[in-house]
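> structure for this input, please:
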Amino acid sequence: MNIERTQYNGHYGITFTVLRLTVLPANRHAMENLCLLEAGTSANEVRQRLIDLYGKMLARDLPCTMTIAIAKPLTRQQADLINERGTIIALLLAGAFSAPVRPFSKPVARVVATTVGVVTKSFIRTYHAGDVVIGIEAQVKGGIGPQRSEAALVIPFMGGTPR
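Sure, this is the predicted structure:
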């Protein structure tokens, strides 16, 4: 299994370590021992997600190209910038849902806006300093055509030193 490691600087200054590997049926069991130092104590969980995603791809005898992106722990500023986007989305949806009601009843429009805003915000995840964002992508070419699947997880910061 050939593993390529690179770094990528993404939005908001978040730095990712990116691992690209091609898994063949003969070496798929090597994923269980894949060295994921960047994932810290959550390496076993990431490996399990990787194995599950490979199984979901039903690659059979075809090579499966997998990419794992592991962010360095978020800083307070980065977490705040990501959370701000969630607030903007909640406000936009609240305005969109309350606008048709406003000409008929401003109090009802306020209730609709508040309800939609609160419900939307409850579905949007809140990030904190020290959280680690991990993305996994798998791709198989051939067979019935190209297949692609993705998985993501956030390792919450539990206090102490990050990871």
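
> please report phi then psi for Glu137.
phi -130, psi 140 (degrees, to the nearest 10).

> does it really touch Ser149, like I thought?
Yes: Glu137 is in contact with Ser149 according to Cβ atoms under 8 Å; the separation is 7.4 Å. In this view, the C-beta of every residue, glycine as well, is placed from N, C-alpha and C.

> so after the longest helix anywhere in the chain, what's the next helix or strand?
Counting residues, the longest helix found in the chain (DSSP state H) is helix 76-98. Per DSSP states H and E, helix 76-98 leads on to helix 106-123 as the next helix or strand towards the C-terminus.

> Arg148 pairs with what?
As for beta bridges, Arg148 partners with Gln139 under DSSP bridges.

> circling back: what does the longest helix of the chain rub up against?
Outside helix 76-98, the residues that touch it by Cβ atoms under 8 Å, 6 or more residues apart in numbering are 12-14, 74, 109-110, 112-114, 116-117, 120-121, 124-129, 131.

> any chance of a ChimeraX selection covering the buried ones in those residues?
Per 16 or more other Cβ atoms under 10 Å, the buried members of the contacts of helix 76-98 correspond to this ChimeraX selection:
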select :14,74,109,112,113,116,117,120,121,127,131
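
> now do the longest helix of the chain against helix 106-123, angle only.
Helix 76-98 and helix 106-123 are oriented at 140 degrees to each other (axes from the mean of the first three to the mean of the last three Cα atoms, to 10 degrees).
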